[in-house]
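**Student:** Predicted structure and sequence below. I'll ask about it afterward.
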Amino acid sequence: MAVSKIASIDGKVFCPFHTDLIRQAGKPPHAHRMALRDVIRDAYSDTEQGLKSDIVSAIRSGAFSAIILESRPGDFDSIVGKYYALTDSLFDDSTLFWTVSGSRIRPNQIWKFEPH
């Protein structure tokens, strides 16, 4: 169900924690949040600042038709809320797709770009 829901979204979809779902839905792949975070970390170097700037610019410009965020606050929430509207949930059943180790999270919030 989640994969078909993602596949039905026109355009690129950014799902920073569950990049495997994006690939399974036939969407262009992107880096996982943990890999991005390893590079961005404190944004001291030109590389770190450049990557962080590229991600923020992509979000601001609507490069992604939709962004799928976790069930709890994360790195991109504050910027996403300025340019995207929460429109749907990835899962209708609140018992599905939770992690079994580590933090209890799941991708669930579907935010769609709203041009200003």
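**Tutor:** Yes, it's here. All of these numbers come straight from a predicted model, not from anything done at the bench.
**Student:** Tell me, how many residues neighbour residue 28?
**Tutor:** Neighbour count of residue 28, defined by other CB atoms under 10 Å: 11. C-beta: built from backbone N, CA, C; applies to glycine.
**Student:** what pLDDT does residue 20 get?
**Tutor:** At residue 20, the predicted lDDT confidence score is 90.
**Student:** next SSE after the helix or strand where it lies?
**Tutor:** Counting by DSSP states H and E, the element that carries residue 20 is helix 19-24. Going down the chain from helix 19-24, the next helix or strand is helix 33-40, by DSSP H and E.
**Student:** how much distance is there from that following helix to the middle of the chain?
**Tutor:** 13 Å (CA atoms, centre = their mean, to the nearest Å).
**Student:** List the buried residues for it?
**Tutor:** With burial defined by 16 or more other CB atoms under 10 Å, the residues of helix 33-40 counted as buried are 33, 36, 40.
**Student:** Distance of the second one relative to residue 89?
**Tutor:** Going back to what we said before, that points to residue 36. 24 Å (CB to CB, to the nearest Å).
**Student:** quick one on the thing from earlier: name the nearest of the buried residues of helix 33-40 relative to residue 81.
**Tutor:** residue 33 (17.0 Å; CB to CB).
**Student:** Find the centremost residue of the chain, please.
**Tutor:** residue 15 (2.9 Å; CA atoms, centre = their mean).
**Student:** Rounded mean pLDDT for stretch 90-104, please.
**Tutor:** Mean predicted lDDT for stretch 90-104 stands at 89.
**Student:** In CSV, list the C-alpha atoms belonging to that stretch.
**Tutor:** What follows is stretch 90-104, C-alpha atoms only, in CSV (Å, rounded to 0.1, in the frame of the first residue of the first chain):
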residue,chain,number,x,y,z
LEU,A,90,1.3,7.1,4.2
PHE,A,91,-0.5,4.5,6.3
ASP,A,92,-4.1,4.2,7.3
ASP,A,93,-3.4,1.6,9.9
SER,A,94,-1.5,3.0,13.0
THR,A,95,0.0,-0.4,13.8
LEU,A,96,1.9,-0.8,10.5
PHE,A,97,5.6,-0.3,9.5
TRP,A,98,7.1,0.7,12.8
THR,A,99,10.8,0.1,13.4
VAL,A,100,11.7,-2.9,15.5
SER,A,101,14.9,-1.6,16.9
GLY,A,102,16.3,1.8,17.7
SER,A,103,14.0,4.8,17.7
ARG,A,104,10.3,4.0,17.2
